[in-house]
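Participant: Could you look at this predicted model? Sequence included:
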Amino acid sequence: MYIQLFFVCLCVASSIAGVLYVPAEEGEEYVLIPLSRVRRQTTGGVDSSGRAFVSHTGTIVDNNRHHLTGTGFASKQFKPNGPLTTGGSLDYIHKPSGSTLGVGASNTRGFGTDVNAAGRYNFYNKGGTSVFAEGNYGRHYGGPGGTGRPNYYGGVGISHRW
């Protein structure tokens with residue numbers, strides 16, 4: 001419990017201040033300063049059906065070769081009163097090849113948790129032609145219907161843009 005609370009406080013402090021102080025063992029101290037400004041976006045509101053939502057997306061890594069984005073969200077239905085839904089995802093792109101990987105999960109109180117992962121690996125990607133392998137996996141855990149059977153897919157493909 002305390003480790004999760006410490007991690008959340010650490011993330012909030014680093015996103016607000018931009019500079020993070022880290023005490024180490026034997027009296028050593030470190031100050032972590034971000035090397036580049038990262039993109040963050042927070043959205044929220046209430047839609048016409050009475051659902052309140054908030055979402056925060058941030059770029060974790062972005063350089064010539066890699067791009068990693070994380071998202072966290074929460075929503076709650078108020079008219080009629082419904083359960084709280086929370087979740088998050090990580091999305092990775094390997095820039096030179098265009099290969100992708102994404103994982104995510106969401107939990108609705110009393111209705112269970114949905115977990116999913118999807119990826120695409122580009123073997124060849126030049127001149128408008130792409131040869132790739134892709135797959136995804138999803139499963140529902142818990143809730144009134146219990147844990148569901150996994151849904152998965154895998155395939156190999158080729159595409160060309162004229």
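Facilitator: Nice, thanks for sending it over. These numbers come from a predicted model, not from an experiment.
Participant: does Ser89 have beta-bridge partners, and which?
Facilitator: On the basis of DSSP bridges, Ser89 is bridged to Thr71, Gly104.
Participant: From Gly128, how far off is it?
Facilitator: Counting by C-beta to C-beta, to the nearest Å, the gap from Ser89 to Gly128 is 30 Å. (C-beta placed from N, C-alpha, C; glycine too.)
Participant: These two: which is more packed in?
Facilitator: Ser89 (17 against 9; other C-beta atoms under 10 Å).
Participant: Let me see the contact set for that one.
Facilitator: 70-71, 102-105 (C-beta atoms under 8 Å, 6 or more residues apart in numbering).
Participant: Now, of these, which are buried?
Facilitator: 102, 104 (16 or more other C-beta atoms under 10 Å).
Participant: Would you point out the helix or strand in the protein whose mean pLDDT is lowest?
Facilitator: helix 2-17 (a mean of 49; mean pLDDT, DSSP states H and E).
Participant: Which stretches in this protein count as strands?
Facilitator: Secondary structure of the chain, counting by DSSP state E: strands at 20-23, 29-32, 40-46, 51-62, 66-77, 84-94, 99-108, 112-126, 129-141, 151-160.
Participant: Perfect, that will be all.
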